[in-house]
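Visitor: show me how the following folds:
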Amino acid sequence: SLSNVLFLEERHDVRWGGISQIDVMLMLLKKAQDYDFKYISLISGDDIPLMSNKARNNFLDIAYENRAEFIGTEADCKKYYNRLNIKHPSFMFKKDRSFLKKMMCKIINLYNRRYNKLDLTNFPEVYKGAQWFTISNFAVDYIFKYLRLNKDYYNYFLYSFCGDEIFFQTILFNSDFKEKIRYDDDESIMSMRYIDWVSGPDYPRTLNEDDFEKIKNSQMLFARKIKPEALANLVKYLEI
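Guide: As a prediction, this is how the structure comes out:
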């Protein structure tokens, strides 16, 4: 094992799209508070850093002086109230649903949205973006302060669908931290991630050697997703 790799003892049965994703994100952020840090980056196994440690530290040192935050949101998020305003069935939290399960989900959702909506009257304005972000210790502290002062907020997400893309954005974009987030038409750029949602054939695109120049010129902190056999060549190309 590596001395700088920590496995948390508390384990969660994480289901795609469900509240468990929010639970483990909160658990990671809470553990980070035990350490002296300026920024924390949430990444996946498909991510690769695009800067050397020195270059990244220099970039984030300057960002920290300006109290910058790197978290994205879409321009119009009104439609995403639908992820919160009904109780989604547990079998919905599987990507490989059968045709029958997909039809059942549609029927249940249509019924609930017509006859059984949850009350979101007191819910703040919704902001939605990618799960991946790089935020400061100040933002992390604020998230937990907000949750202490707004006990009902977490409960809105108990039966949400992909609420992990709403939970943290809604807290920070409804606060003074919003002024410290650089706006862009591309939510990935806001979070300093190079992600290609346009080119295909898969979405997001699995990046390979054809993308190296665009990746390098992006000046982002991370890229995702990278074709495994292209990883070594990308590291050489970036000279990191």
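Visitor: pretty sure residue 74 contacts residue 130?
Guide: No: at 9.4 Å, residue 74 does not count as touching residue 130 under the criterion of CB atoms under 8 Å. C-beta coordinates here come from the backbone N, C-alpha and C atoms, glycine included.
Visitor: how about the residue nearest the centre of the chain, nearest residue that isn't a chain neighbour?
Guide: Central residue of the chain (CA atoms, centre = their mean): residue 131, 1.1 Å from the mean position. Spatial nearest neighbour of residue 131, chain neighbours left out: residue 164 (5.2 Å); criterion: CB to CB, 6 or more residues apart in numbering.
Visitor: relative to residue 2, how far out is the one you found?
Guide: Look at residue 164 and residue 2: by CB to CB, to the nearest Å, they are 27 Å apart.
Visitor: more crowded one of those two?
Guide: Set side by side, residue 164 and residue 2 show more neighbours around residue 164, with 22 against 5, by other CB atoms under 10 Å.
Visitor: and that one, what is it in contact with?
Guide: 21, 22, 25, 131 (CB atoms under 8 Å, 6 or more residues apart in numbering).
Visitor: cool, and residue 43?
Guide: So, once contact is read as CB under 8 Å, 6+ apart, residue 43 ends up touching 132, 222, 224.
Visitor: which strand residues bridge the second one?
Guide: Read it as residue 222. Beta-bridge partners recorded for residue 222 (DSSP bridges): residue 49, residue 193.
Visitor: what's the residue of the chain most remote from its centre sitting at in phi/psi?
Guide: Within the chain, the residue lying farthest from the chain centre (CA atoms, centre = their mean) is residue 115, at 31.1 Å. Reported as degrees, to the nearest 10, the phi and psi values for residue 115 are phi -120, psi -10.
Visitor: quick one: low-confidence residue ranges for the protein.
Guide: Low-confidence segments of the chain, defined by pLDDT under 70: 1.
Visitor: switch to 80 and redo it
Guide: For the chain, residues meeting the criterion pLDDT under 80 lie at 1-2, 91, 94-97, 240.
Visitor: now the helices for this structure?
Guide: Using DSSP state H, the helices of the chain run over 19-32, 53-65, 99-115, 137-149, 167-173, 187-190, 212-218, 231-238.
Visitor: deepest-packed of those, please.
Guide: Using mean count of other CB atoms under 10 Å, the stretch among those with the largest mean neighbour count is helix 167-173, at a mean of 23.
Visitor: for that one, name the packing helices and strands.
Guide: Counting contacts by 3 or more CB pairs under 8 Å, 6 or more residues apart in numbering; DSSP states H and E, helix 167-173 packs against helix 19-32, strand 133-136, helix 137-149.
Visitor: include distance to residue 232 when you put the ones you listed into TSV, please.
Guide: Shown next, in TSV, are these (distance: least, CB to CB, whole Å):
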stretch	distance to residue 232
helix 19-32	28
strand 133-136	25
helix 137-149	34
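Visitor: let me know which of these is the nearest to residue 192.
Guide: With distances scored as CB to CB, the stretch of the helices and strands packed on helix 167-173 nearest to residue 192 is strand 133-136 (5.9 Å).
Visitor: which other helices and strands contact the closest one?
Guide: Using 3+ CB pairs under 8 Å, 6+ apart, strand 133-136 sits against strand 39-42, helix 167-173.
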